[in-house]
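Chemist: Requesting a structural model of the entry that follows:
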Amino acid sequence: MEAASTMTTSERRQPPLWDFPAPAHLDEDPASIIVRVAEDHFFRASDLFRRYFERPADLLADVGNHPGILDQLDVLAGYGSEFLRSLGWQRQAGKKVVFRGHALPSDWIGEGRRVAPGVLAADGDQPYIRLAWRFPAIPFDLNTNEMLIDRCPSCFSFLTWMRIRSVCHCQNCQFDLREARPVYARGEYVQPALKLAAHIGLLPGEKIVLPHPFATEDSVVALKVLEWCAWFGGRCEVVLVAQSATNAHRGVAVAESWPATLELAADLVLRQVLKKEHALSTLQGTFRWLPNMEMRNGVSTQLAEIMQRLNVQRVEDYLVVNRWKYFQRGL
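Modeler: Numbers count the residues shown, from 1 in each chain. A predicted model of the protein is given here:
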């Protein structure tokens, strides 16, 4: 991802209401712009919302979904309405949100605040929050691979946009987040997360192509598949991983290696049956969480075929001749 560019007031024909606003960055969260504009003019963001926008301060958390407020910000600070709207999103019925032409599950654009302390410190006198930090599925800063934090290291409160005075301070105890020690992403998670960032429009690049039986034209369903793949990988191979956008980057590798991942999981579960750590029904039960019935049936068929060719010595109930019957009992 290229270094952040800026827009200045000289690009506008009409001067803004306020003189000398701080430059806005092309990769900046729109809420961050509002906080910095308020801070530069000795306002709290909540006061600016109440006095100028005449809106409740809680809208700041999802300001990208309010083009009218962004237009008012343009009049106030002069960044350009088209530019500000390019940083926003549109929430729709059916738990969907559209971002840069991509339909995403609504919880893929968060309403909390996440920061990379080292990146904020490197910003110098003009720290700002990146738009990509808004997306829970992206666990680190796309330029530096520094992990994002969503809690204050001092008071452990969740970072929010409410009562905020500065983009780089905790809204609760005012701890300067730039003093936190940076932690960086593990190497195996970097490329999958970058692929996912490109898939949802945060970086240039091609979309992730899901294999059979997950192939779908519905982008919301495709992202739910990645959530499931992350959960499936943890459930059947290592430990239980919550099914959510937060873990979706871990589902990229699972999806790309499908059905080899399914074969690995089936073999592992079969070997653990004798130890009574898992039951075969546990593996089959994970399919219930797939987004649609067609995918569930497709994966069930793949599993039945895999069970016939696995060379694992079983107790009599799990001999090859009985596995096909077992896995055809349906979901």
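Chemist: Would you state the helices of the stretch 101-250 of the chain in chain order?
Modeler: Secondary structure of the stretch 101-250 of the chain by DSSP state H, counting those that start in this stretch: the helices cover 117-122, 187-199, 219-236, 248-256.
Chemist: who's in contact with the nearest residue to Phe49 once chain neighbours are set aside?
Modeler: Excluding its sequence neighbours, the residue lying closest to Phe49 (C-beta to C-beta, 6 or more residues apart in numbering) is Ala57, at 4.6 Å. Where C-beta positions appear, they are placed from N, C-alpha and C, glycine not excepted. Residues near Ala57 by C-beta atoms under 8 Å, 6 or more residues apart in numbering: 45-46, 49-50, 162.
Chemist: any idea how far Phe43 is from Ala57?
Modeler: 11 Å (C-beta to C-beta, to the nearest Å).
Chemist: Also Glu256?
Modeler: Glu256 sits 48 Å away from Phe43, going by C-beta to C-beta.
Chemist: for Glu227, same thing?
Modeler: Taken as C-beta to C-beta, the span from Glu227 to Phe43 is 39 Å.
Chemist: same check, this time on Pro15
Modeler: Relative to Phe43, and taking C-beta to C-beta, Pro15 is found at 20 Å.
Chemist: which stretches of the stretch 1-150 of the chain have low pLDDT?
Modeler: 1-14, 16, 19-20 (pLDDT under 70).
Chemist: Go again with 90.
Modeler: Within the stretch 1-150 of the chain, the segments meeting pLDDT under 90 span 1-24, 39-44, 46, 48, 50-51, 76-78, 94.
Chemist: Stretch 206-222 - what's its average pLDDT?
Modeler: The average pLDDT within stretch 206-222 is 94.
Chemist: Now do the buried residues in that stretch.
Modeler: Within stretch 206-222, the residues that qualify as buried are 208, 210, 213-214, 216, 219-222, counting by 16 or more other C-beta atoms under 10 Å.
Chemist: So what's the gap between that stretch and the chain middle?
Modeler: Relative to its chain's centre, stretch 206-222 lies at 17 Å (C-alpha atoms, centre = their mean, to the nearest Å).
Chemist: Endpoints of it, how far apart?
Modeler: One end of stretch 206-222 to the other measures 14 Å (C-alpha to C-alpha, to the nearest Å).
Chemist: what ranges do the strands span in the stretch 151-300 of the chain?
Modeler: Secondary structure of the stretch 151-300 of the chain, counting by DSSP state E, counting those that start in this stretch: no strands present.
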